[in-house]
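J.: All I have is the shape, not the residue letters:
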């Protein structure tokens, strides 16, 4: 009998690792820079570092002298760790997403009045691309924004709106929901800003009266809930995702209030 | 040169003439007004610098006192000139005494305007000499150590810490960058003062301070000697302190400055009266100092659709060109902005982008156009992003752009890491070299997609300009015609800093700088 490696092509979901071209090969590509001068010592340092990260057979497939004592690497290695996919739980916004027409119908059937949504890019953040994508008529990537939804009044306050001003506007407009966009997340500036908004809303006594939603490329639903928001939307979210959540939640809360 | 796009020169002339009339009518408004920031700029140029014990810059201290006394309409220059006559002190000592509460310059005997002007003249000439020395130094560097080839590779650093910025900027220069822009911390455009001294804290960028300019200038001069190329420094003459930062840039030898009132109005909600007045003095300083200004039309395409709104970019470029003409800026110093921002899923999007980039170059042949990379449709898929940037680079070398703000594959993720910058520079160098003379080799099919696109955009821009002339620029902005953003004439930040000049107002720098006094 010859020695034969049995290749298992079936994934074991309790022990998942990266896939290159063979089940459980663990192949990972990485790119990073080390603050050391280019040369064989630099490559050795990169390989040792990958070993410490838990990779076997680390390989430097490319390295480049970036000058000033910095070296860039492209590397491959085989990951030794596994995760149990069957035990994973992620908190997500739990809602059946309706398209724009369905949302409009839903308002007509279940809410029967205009829904007011106030949105802003708050704090020092000047990047309105996210809030505009969700709120402005035009939307993004063929997904119309909330301004286009019949039955919704969307108030987009734009960029660098102080939390106090946003809250005042929400009160003035009798907003059903507030949308906060945070694009700039360098040095966690968004965390402090969003926490501050929740505290101010609590102090004003309106936190429970408004559905509070945040969004941005670095925002997750889990983070949002940790910070005291009702929901968080990350990358690849469109107006219909946000609208579906807000409308469904509004109806749910109204029903709860009637009981 | 024959137009490859078969653009009608009469339409170009019509649009340009119309933009000139728009700019001139706005200039009538500008010439009647001044602002707190314009007056602070005059003080800075008179040598007033430093801060008081609560970090308020002395130019602010002086202007605030004049404003509170209700006499700013005569201009800070008059009051300083008069105080110099009455006290025999220099501008800096006067400001320090005002800050200490030991001097009220509005309560001194009053000399005539002519006497005040004459007293200031030596100080003014001294500053002009200082700026001229910097201009000569730039020219001397370029002739001695040389400069990169166009399109210049333009990258940003944005660590928040000026000393860390220096490390990143020097690394970028060694990798091949020609222009380093130090991104400002997010909130600075809305501060109504310029912070002081070196700074090490910022969000998504670093404070523009005179000391930070000086630190980065020296670092780039040093690395420029090392790599044998003059490395240009860019910062932002924009926001509430637009002209003050232009003055700092002139004194510290910045080479490129973002400067665009429309950008501030639309995207920072700065009051339109305030920033249009500020822009004029900024551009006079920029023009005099040999700095290339960048306008911000590219931003319209991040809030509006790049295909649908292309004509608004062109119309705004025409207006920005004419504002620059009124400030006596040479064509070579006009870094009019545009961008590669169409949805990558659009069929033939590359053809439209190419058409528009060549159109901009044909219409503004001597300008040093600033071409901005894809940002809106960068997704976090860094591999695809690198290809989007490659298409952008291809169009830049093909159409002969000058200031190529390099796209980063990590655009949607973070401010650039060192390796991102290296990969972007390598991408651009590869394509620029590999396709160097593509533009002079290729002509376009008559009445094909590319020719027709440019002709259409030009026609639409011309129509928009005539509509703006009819309505007035203020009204047009109020209607949301640029970038799809509406701003009110009396809305936004900074209106309280605008005041009407009185009949004895003077700004000693404007006539001398516009007259090209060396």
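T.: Yep, that arrived. Computed from a predicted model, the values in this text were never measured in an experiment.
J.: can you give me the strands for the stretch 401-518 of chain B?
T.: Counting by DSSP state E, counting those that start in this stretch, the stretch 401-518 of chain B forms strands over residues B:403-405, B:498-500, given from the N-terminal end onward.
J.: Report the buried residues of the last one.
T.: By that I understand strand B:498-500. By neighbour count on 16 or more other CB atoms under 10 Å in any protein chain shown, the buried set for strand B:498-500 is B:498-499. Where C-beta positions appear, they are placed from N, C-alpha and C, glycine not excepted.
J.: Strands of chain B, start to end?
T.: For chain B, the strands defined by DSSP state E occupy B:33-35, B:152-157, B:179-182, B:232-236, B:256-258, B:292-294, B:334-335, B:337-339, B:370-372, B:403-405, B:498-500.
J.: no wait, the stretch 101-250 of chain A
T.: Counting by DSSP E, counting those that start in this stretch, one finds strands in the stretch 101-250 of chain A at the ranges A:115-121, A:152-156, A:177-181, A:211-215, A:231-233.
J.: need these in CSV with mean neighbour count and mean pLDDT, can you?
T.: Output for the strands of the stretch 101-250 of chain A, formatted as CSV (neighbours: other CB atoms under 10 Å in any protein chain shown; pLDDT from 0 to 100):
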stretch, mean neighbour count, mean pLDDT
strand A:115-121, 26, 94
strand A:152-156, 21, 92
strand A:177-181, 28, 95
strand A:211-215, 25, 95
strand A:231-233, 25, 94
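J.: Adding distance to residue B:395, write those out as a markdown table.
T.: Conversion of the strands of the stretch 101-250 of chain A to a markdown table gives the following (distance: least, CB to CB, whole Å):
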| stretch | distance to residue B:395 |
| --- | --- |
| strand A:115-121 | 30 |
| strand A:152-156 | 32 |
| strand A:177-181 | 31 |
| strand A:211-215 | 32 |
| strand A:231-233 | 34 |
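J.: Make TSV from those and add distance to chain B to it.
T.: As requested, those are exported to TSV (distance: least, CB to the nearest CB, whole Å):
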stretch	distance to chain B
strand A:115-121	11
strand A:152-156	10
strand A:177-181	13
strand A:211-215	14
strand A:231-233	15
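J.: Which one, of the ones you listed, ends up nearest to residue B:37?
T.: strand A:115-121 (24.9 Å; CB to CB).
J.: what angle do the closest one and strand A:211-215 make?
T.: Angle between the axes of strand A:115-121 and strand A:211-215 is 40 degrees (criterion: axes from the mean of the first three to the mean of the last three CA atoms, to 10 degrees).
J.: Paired strands for strand A:115-121, with orientation please.
T.: Strand A:115-121 has the following sheet partners, assigned by DSSP bridges: strand A:152-156 (parallel), strand A:177-181 (parallel).
J.: Nearest to residue A:20, out of these?
T.: strand A:177-181 (37.6 Å).
J.: List of residues touching that closest one?
T.: By CB atoms under 8 Å, 6 or more residues apart in numbering or on different chains, the residues outside strand A:177-181 that reach it are A:115-122, A:125, A:127-128, A:130-131, A:134-135, A:166, A:170, A:194, A:197, A:210-216, A:229, A:242, A:246, A:250.
J.: residue in the stretch 1-150 of chain A nearest to chain B?
T.: residue A:67 (3.3 Å; CB to the nearest CB).
J.: burial measure for that residue, as a count.
T.: 21 (other CB atoms under 10 Å in any protein chain shown).
J.: is it in a bridge, and if so with what?
T.: Taking DSSP bridges, one obtains residue A:70 as the residues bridged to residue A:67.
J.: From residue B:421, how far out is it?
T.: For residue A:67, the distance to residue B:421 (CB to CB, to the nearest Å) stands at 11 Å.
J.: Now do the shared contacts for these two.
T.: The contact lists of residue A:67 and residue B:421 share B:171, B:175, where a contact means CB under 8 Å, 6+ apart.
J.: Model confidence score at residue A:7, please.
T.: Among the per-residue scores, residue A:7 shows a pLDDT of 63.
J.: What of the one 10 residues further on?
T.: With respect to pLDDT, residue A:17 scores 96.
J.: Provide the partner residues of residue B:147 in its beta bridges.
T.: Using DSSP bridges, the bridge partners assigned to residue B:147 are residue B:230.
J.: Wait, it touches residue B:255, no?
T.: No - applying CB atoms under 8 Å, one finds residue B:147 not in contact with residue B:255, separated by 10.0 Å.
J.: Please say which of these two ends up with more neighbours.
T.: Of the pair residue B:147 and residue B:255, residue B:255 is the one with more neighbours under other CB under 10 Å, namely 24 against 18.
J.: Who are the contact partners of the residue nearest to that one when sequence neighbours are not counted?
T.: The shortest distance from residue B:255 to any residue other than its chain neighbours is 3.7 Å, reached at residue B:232 (CB to CB, 6 or more residues apart in numbering or on different chains). Applying CB under 8 Å, 6+ apart, one finds that residue B:232 lies in contact with B:147, B:152, B:178-180, B:220, B:255-256.
J.: Then residue B:32?
T.: Under the criterion of CB under 8 Å, 6+ apart, the contact partners of residue B:32 comprise B:500-501.
J.: For residue B:107, see how far away it is.
T.: The spacing between residue B:32 and residue B:107, counted by CB to CB, is 28 Å.
J.: Quickly list the domain ranges of chain A.
T.: Listed domain ranges for chain A are A:1-88, A:100-258 (source: automatic domain parsing).
J.: which one of those is the most hemmed in?
T.: The highest average neighbour count among the domains of chain A, using mean count of other CB atoms under 10 Å in any protein chain shown, belongs to domain A:100-258 at a mean of 19.
J.: So in the chain, where's the weakest helix or strand by average pLDDT?
T.: With no chain named, the answer covers chain A. Of all regular secondary-structure elements in chain A, judged by mean pLDDT, DSSP states H and E, the least confident is helix A:129-135 with a mean of 87.
J.: wrong one, chain B
T.: Ranked by mean pLDDT, DSSP H and E, the weakest helix or strand in chain B is helix B:300-303, scoring a mean of 82.
J.: All the helices of chain A, in order from the start?
T.: Counting by DSSP state H, chain A has helices at residues A:40-52, A:100-106, A:129-135, A:163-172, A:189-204, A:221-226, A:239-258.
J.: Same check on the stretch 151-300 of chain B?
T.: Listed in chain order, the helices of the stretch 151-300 of chain B (DSSP state H, counting those that start in this stretch) span residues B:162-175, B:210-227, B:242-251, B:261-268, B:272-288, B:300-303.
J.: helices or strands up against the shortest one?
T.: Using 3 or more CB pairs under 8 Å, 6 or more residues apart in numbering or on different chains; DSSP states H and E, the elements in contact with helix B:300-303 are helix A:129-135, helix B:261-268, helix B:310-326.
J.: ok, so what distance separates residue B:84 from chain A?
T.: Per CB to the nearest CB, to the nearest Å, residue B:84 is found 40 Å from chain A.
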